[in-house]
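Q: this is a predicted model, with the sequence first.
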Amino acid sequence: YHSWNEKFNQLRAFHAQNGHCNVPQNDEQTKDLAKWVSYQRLLFNTKTLSSNCIQQLNSTDINWHLCYHSWNEKFNQLRAFHAQNGHCNVPQNDEQTKDLAKWVSYQRLLFNMNTLSSNRMQQLNSIDINWHLCYHSWNEKFNQ
């Protein structure tokens, strides 16, 4: 049994070496760490992980939900969308942008829950993301 801090330090080392925290579960060398990371995600998603642990894990840019494992890829798609359209309000009803729209909504949710890492927040702010979309569309309608 390893303490939380030992596993966290292993994860930091893994992140430093690989640039991400998606530890492979089918590799003998990383199997135990992968199980630990999965358990941290489970605790996070069931809202039973302490805020101190969340903050520490956020410092590694952990992906709490594996379906969003390619954060930088999605960010680059959003940056391209912004360059083309002048905003980050990706339509959810368009088949071509549906996945990106879900990802953007999720980033807004993390922001509003105060669990988006400051690094990611800065990246999204750099392309003028509107964090509170409902207020934006309300004001837009009001101004018409």
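A: Perfect, I can see it now.
Q: now do the contacts for residue 4.
A: residue 53 (Cβ atoms under 8 Å, 6 or more residues apart in numbering). Yep, even glycine has a C-beta here, placed from its N, CA and C like the rest.
Q: how about 10 Å then?
A: By Cβ atoms under 10 Å, 6 or more residues apart in numbering, the contact list for residue 4 reads 36, 40, 50, 52-53, 56.
Q: now those residues as JSON lines including secondary structure?
A: Listed next are the contacts of residue 4 as JSON lines, based on DSSP: H, G, I helix; E, B strand; the rest coil:
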{"residue": "36", "secondary structure": "helix"}
{"residue": "40", "secondary structure": "helix"}
{"residue": "50", "secondary structure": "coil"}
{"residue": "52", "secondary structure": "helix"}
{"residue": "53", "secondary structure": "helix"}
{"residue": "56", "secondary structure": "helix"}
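Q: tell me the two of those residues that are most distant?
A: Based on Cβ to Cβ, the longest span within the contacts of residue 4 runs between 36 and 52 and measures 16.5 Å.
Q: give me the more crowded residue out of the two.
A: A direct count of neighbours by other Cβ atoms under 10 Å for residue 36 and residue 52 places residue 36 higher, at 18 against 9.
Q: can you tell me how far that one is from residue 88?
A: 34 Å (Cβ to Cβ, to the nearest Å).
Q: for the residue sitting nearest the centre point of the chain, helix, strand, or coil?
A: Nearest to the mean C-alpha position of the chain, counting by Cα atoms, centre = their mean, stands residue 63 at 5.3 Å. Taken by three-state DSSP, the conformation at residue 63 corresponds to coil.
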